[in-house]
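In: Just the structure for this:
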Amino acid sequence: MNFNFGEVLARAGEITWKHKNLWLAGIVISLIGMFPALISVIFAPSLFSFADSSEMNGQFPVVIWLINGLSILVSLLSIPLYAIGMAVPSLGTLQLEKGSEKLNLGELIKGTLPYFWRVLGVYLLIGLGGFLVAIVFMGCTGLLSVVTFGLASICGLVFFIPLGMLIFAFIEQGMAAVLVDNLGVSSALQRAWELIRDNLGVMALMSLIIYLGSMIVGMILSVPMMIPMFGYMTSMMQSMGSEPDFQAFEGLFRNMMWWMLAFSPLYAIFQGILIAFMQSAWTLTYLRLTKRQANTPAIIEANA
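Out: Alright, predicted model coming up:
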């Protein structure tokens, strides 16, 4: 495995810290992701305002469907913005590797537009394919768990986590192929697959470093947000009697959602930094691997 992980990660960290305007794309993506929580806060009073159980049985599903429908609509509308937001740090990294010293965010956004449909195509094709595989996989695992008393679920989880990481690596390398080599969707997918197939160890270890590291840091940053939530839940459970207190549930739900929204700017900045670093690291990985492959025939010829 002749690949310098330290150089790639250090260079990605340098680019991320020096060019802070790359954070903005990830910050916007993160703030858009907060809209479902905002929708829940807006409709929270409707969830707990029913006078009796018959009214709840009639209206509660309608409110839930409305919240879920609006959340799904926002998620679908955010996909194009997500594609641009992920492409901006990658394109910025490419320009810096070609010799640019400064990055203009407006020019980067404009520069991603010629690649937009191809980047979106790569993202959707691999994402939807991975989603379908996950559904089938979880269904089969669920059926086997009944027979194996849950053992299949544990084995499936151990298998599914690295598989998911490699799917994300497939997406990232496909997007890099579009931006770096100006390839079409099918050619980019083929190039990404060849890179993963020929450098499986590199991709697996890079995925582990990036995603496991980001998960650990994210969990640490989430601790301040979770402490008040546990406090709200503890106080509510202590004040509850035998009958369910819907007003207490409403207060808990609203306090939790408002606290999440209050915490969201800090979390959005973290996401902006993380996305800039991840995209830079994956783009550098693509550049280093394709450069190494391009130099291999010349080395062989010289030795011959």
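
In: Now do the same for F137: its pLDDT.
Out: Looking at F137, its pLDDT is 71.

In: wait, doesn't it sit right on F160?
Out: Yes: applying C-beta atoms under 8 Å, one finds F137 in contact with F160, separated by 6.4 Å. C-beta coordinates here come from the backbone N, C-alpha and C atoms, glycine included.

In: pLDDT score for G130?
Out: Per the predicted model, pLDDT is 78 at G130.

In: Q271 too?
Out: Here, the pLDDT recorded for Q271 equals 87.

In: in terms of contact, does it touch G26 like I think?
Out: Yes: using C-beta under 8 Å, Q271 is in contact with G26, at 5.1 Å.

In: Neighbour count: the two, which is higher?
Out: Per other C-beta atoms under 10 Å, whichever of Q271 and G26 has more neighbours is G26, with 25 against 22.

In: wait, what's in contact with the more buried one?
Out: Going by C-beta atoms under 8 Å, 6 or more residues apart in numbering, G26 touches 85, 89, 268, 271-276.

In: Are any of these buried, and if so which?
Out: Restricting the contacts of G26 to buried positions leaves 85, 89, 268, 271-276, with burial counted as 16 or more other C-beta atoms under 10 Å.

In: Just send these back as CSV, with distance to S187 and secondary structure too.
Out: Shown next, in CSV, are the buried ones among the contacts of G26 (distance: C-beta to C-beta, whole Å; DSSP: H, G, I helix; E, B strand; the rest coil):
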residue, distance to S187, secondary structure
G85, 24, helix
P89, 23, helix
A268, 35, helix
Q271, 31, helix
G272, 31, helix
I273, 32, helix
L274, 29, helix
I275, 25, helix
A276, 27, helix
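
In: which one of those is nearest A188?
Out: When those are compared for distance to A188 (C-beta to C-beta), P89 comes out closest, at 17.7 Å.

In: secondary structure class for S100?
Out: When classified by DSSP: H, G, I helix; E, B strand; the rest coil, S100 comes out as coil.

In: let me fix that: L103
Out: Criterion first, three-state DSSP; result for L103: coil.

In: And L77, by the same measure?
Out: When classified by three-state DSSP, L77 comes out as helix.

In: So for it, what's the pLDDT?
Out: Predicted confidence (pLDDT) for L77: 77.

In: Return the residues in contact with it.
Out: Contacts of L77 by C-beta under 8 Å, 6+ apart: none found.

In: tell me which strands and helices the helix or strand hosting M138 is in contact with?
Out: Using DSSP states H and E, M138 maps to helix 116-148. When contacts are defined as 3 or more C-beta pairs under 8 Å, 6 or more residues apart in numbering; DSSP states H and E, helix 116-148 packs onto helix 53-97, helix 151-181, helix 185-198.

In: residues of stretch 90-101 that come out buried?
Out: Buried residues in stretch 90-101 (16+ other C-beta under 10 Å): 90-97.

In: Next: stretch 204-214.
Out: Buried-residue list, stretch 204-214, by 16+ other C-beta under 10 Å: 206-207, 210-211, 214.

In: I would like the residues contacting that stretch, please.
Out: Here stretch 204-214 makes contact (C-beta under 8 Å, 6+ apart) with 1, 5, 8-9, 162, 165-166, 168-169, 274, 278, 281-282, 285.

In: In those residues, find the pair that's most separated.
Out: It's M1 and L274 that sit farthest apart of the contacts of stretch 204-214, by C-beta to C-beta, at 25.4 Å.

In: Report the residue spans of the stretch 51-200 of the chain with pLDDT below the cut-off.
Out: 51-64, 66-67, 144-159 (pLDDT under 70).

In: give me that answer again for 50
Out: Within the stretch 51-200 of the chain, the segments meeting pLDDT under 50 span 51.

In: Just want the phi and psi numbers for E101.
Out: The phi/psi pair for E101 (degrees, to the nearest 10) reads phi -110, psi -30.

In: what about it, distance to A25?
Out: Going from E101 to A25 by C-beta to C-beta, to the nearest Å gives 20 Å.

In: what's the answer for D181, then?
Out: Look at D181 and A25: by C-beta to C-beta, they are 22 Å apart.

In: Just want to know which of those two has more residues nearby.
Out: More crowded of D181 and A25, by other C-beta under 10 Å: A25, with 27 against 12.

In: For that one, give me phi and psi.
Out: Main-chain torsions, A25, degrees, to the nearest 10: phi -60, psi -50.

In: Buried ones in stretch 75-90, by neighbour count?
Out: Using 16+ other C-beta under 10 Å as the test for burial, stretch 75-90 gives 78, 82-90.
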